[in-house]
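1. Below is the sequence, then the predicted model.
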Amino acid sequence: MGMLTDEQKAAFARDGVLVVEDAVKPELLKRLRADFDTWVEESQGHDKPYGVTVDGRPRFDLEPGDGDKPAQLRRVQAPTEVSDAYYEAMADSRMTDMVAELIGPDIKLHHTKINSKLPGAKTEVKWHQDFPYTPHSNSDLVTALLMIDDVTEENGPLAVAPGSHKGPIFSLWHEGVFTGAVDPQAESEMKKTARLCMGKAGSVCLMHTRLAHGSEPNLSTMPRTLFISVYSAGDAMPCSPNPVPTEHMGVFVRGSDPRRVRGEAFDVQTPEYPKTSFFAQQSERERSA
C-alpha cells in the first residue's frame, strides 16, 4: 500500500500542493530538532554568515541584526552534508516515498536547505516560483518542505496560489535586475486566492516546482523551521547551475538512472547565480548594502 491515497494524488495534480502529516518518524524528528538547535546555539557566536559549502559560499546564513536585535540563523545550506539525521530524512523516510509516488519511480536529489524564521524574524519570502531558479528539461520536480516545528497562521507559514503550477512561468527579472520575485501586480493577484500551508511538526508540504508561493515574517514567539528537499524525476536534467550546490546532487533516492532525458516545452529566463543566499537576492536592502 502506498503512502498517498488516490484522492491525495488527485489533489496534488489539481492544486500543485499537498500537506501530509507524519512524514518522518517521531525519533527522527527529535534528531532533526536537536541538530538544528545545536546550529542555532552555535550561530549566536557569529554576527555574519559563516561556514563553507562546496562552492565556497557560507553554509550558515544569518538575518542581519537590527539595533539591539542580534543577527540570527535563517538558513542552512545543504544540511545533509553535515547531519546524518537530515540525510536520512531526505533519502529514506516516508517523505521520500511520498515524492516517489508523485514523480517516480525514479527520483533524484537536486538540493537541500533549511529555511528558518526564529521568533520575531523579519525575513519575508517574496512571491515566486521555484522553477525559474532551477529550470530543468521538464517540470517534474517536487519541493518537499518538512515542518520541524508546528507551523501556524502566526509564525510565517508558506502561502501558495493553488493551481498556479498550470499557468505561466513568471519572470524573476525586472528592469534588468534579478529580484527573485514576481512583479507586484502578479503577486497581488496570487494573494487573492492564497492558501496557507500549516501543520504540526513532522508534517510535509509537497509543492510542485511551478507553484507560486511566498511567506510573511514571523511575528510570533514560536519558531518556524522548514527542512526543504528538492527532488526531480530521474529523466529531468538541470538547465542551469545549482543555486545550492551539494555533493549529494544527482543521488538517486528511489529507483535508478533511466539513462534518458525527457523534454517539455517552456520558455524561461536564465536565473542569476546567488553571490550569497536566496534571501539576499530578494532583499533590495541587502543588495545595496
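-> In hand now; what should we look at?

2. Please tell me how far Phe252 sits from Pro105.
-> 10 Å (CB to CB, to the nearest Å). From N, CA and C alone the C-beta is placed, and that goes for glycine too.

3. What strands flank the helix or strand harbouring Thr112, and is each parallel or antiparallel?
-> If you go by DSSP states H and E, Thr112 is part of strand 107-117. Take DSSP bridges as the rule and strand 107-117 pairs in its sheet with strand 72-77 (antiparallel), strand 224-233 (antiparallel), strand 252-254 (antiparallel).

4. Extract the C-alpha trace of it and format it as PDB.
-> The C-alpha coordinates for strand 107-117 follow below in PDB (Å, rounded to 0.1, in the frame of the first residue of the first chain):
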ATOM      1  CA  ILE A 107      13.800  10.200  -8.300                       C
ATOM      2  CA  LYS A 108      17.000  12.000  -7.500                       C
ATOM      3  CA  LEU A 109      18.000  14.900  -5.300                       C
ATOM      4  CA  HIS A 110      18.700  18.400  -6.600                       C
ATOM      5  CA  HIS A 111      19.400  20.200  -3.300                       C
ATOM      6  CA  THR A 112      18.500  20.700   0.300                       C
ATOM      7  CA  LYS A 113      18.400  23.600   2.700                       C
ATOM      8  CA  ILE A 114      16.800  24.700   5.900                       C
ATOM      9  CA  ASN A 115      14.800  27.900   6.000                       C
ATOM     10  CA  SER A 116      14.100  29.100   9.500                       C
ATOM     11  CA  LYS A 117      12.100  32.000  10.900                       C
END
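
5. Can you list the buried residues in it?
-> Ile107, Lys108, Leu109, His110, His111, Thr112, Lys113, Ile114, Asn115, Ser116, Lys117 (16 or more other CB atoms under 10 Å).

6. how deep is Pro274 tucked in, by neighbour count?
-> Counted with other CB atoms under 10 Å, residues neighbouring Pro274 total 18.

7. Surely it touches Asn242?
-> No: with contacts counted by CB atoms under 8 Å, Pro274 stays clear of Asn242, the gap being 10.6 Å.

8. can you put the strands paired with strand 107-117 in TSV and add mean pLDDT?
-> As requested, the strands paired with strand 107-117 are exported to TSV (pLDDT from 0 to 100):
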stretch	mean pLDDT
strand 72-77	96
strand 224-233	98
strand 252-254	98
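
9. Quick check: which of those is nearest to Asp15?
-> strand 224-233 (18.4 Å; CB to CB).

10. Same question for that closest one: list its buried residues.
-> Arg224, Thr225, Leu226, Phe227, Ile228, Ser229, Val230, Tyr231, Ser232, Ala233.

11. and the residues you listed as JSON lines, adding distance to Lys192?
-> Shown next, in JSON lines, are these (distance: CB to CB, whole Å):
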{"residue": "Arg224", "distance to Lys192": "24"}
{"residue": "Thr225", "distance to Lys192": "29"}
{"residue": "Leu226", "distance to Lys192": "24"}
{"residue": "Phe227", "distance to Lys192": "30"}
{"residue": "Ile228", "distance to Lys192": "26"}
{"residue": "Ser229", "distance to Lys192": "30"}
{"residue": "Val230", "distance to Lys192": "27"}
{"residue": "Tyr231", "distance to Lys192": "30"}
{"residue": "Ser232", "distance to Lys192": "30"}
{"residue": "Ala233", "distance to Lys192": "32"}
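
12. follow-up on the earlier one: find residues that contact each of Phe252 and Pro105.
-> The contact sets of Phe252 and Pro105 do not overlap (CB atoms under 8 Å, 6 or more residues apart in numbering).

13. measure the residue lying closest to Glu63 once chain neighbours are set aside to Gln129 for me?
-> Counting by CB to CB, 6 or more residues apart in numbering, Glu63 lies nearest to Arg74, which is 4.4 Å off, once chain neighbours are set aside. For Arg74, the distance to Gln129 equals 21 Å [CB to CB].

14. if we look at the longest helix that the chain contains, which residues are touching it?
-> The single longest helix within the chain, with elements called by DSSP state H, is helix 26-43. For helix 26-43, the surrounding residues in contact (CB under 8 Å, 6+ apart) are 24, 50, 60, 62, 71-73, 76, 79, 83, 85-86, 88-89, 93, 114, 116, 118, 146, 148, 201-202, 225, 227.
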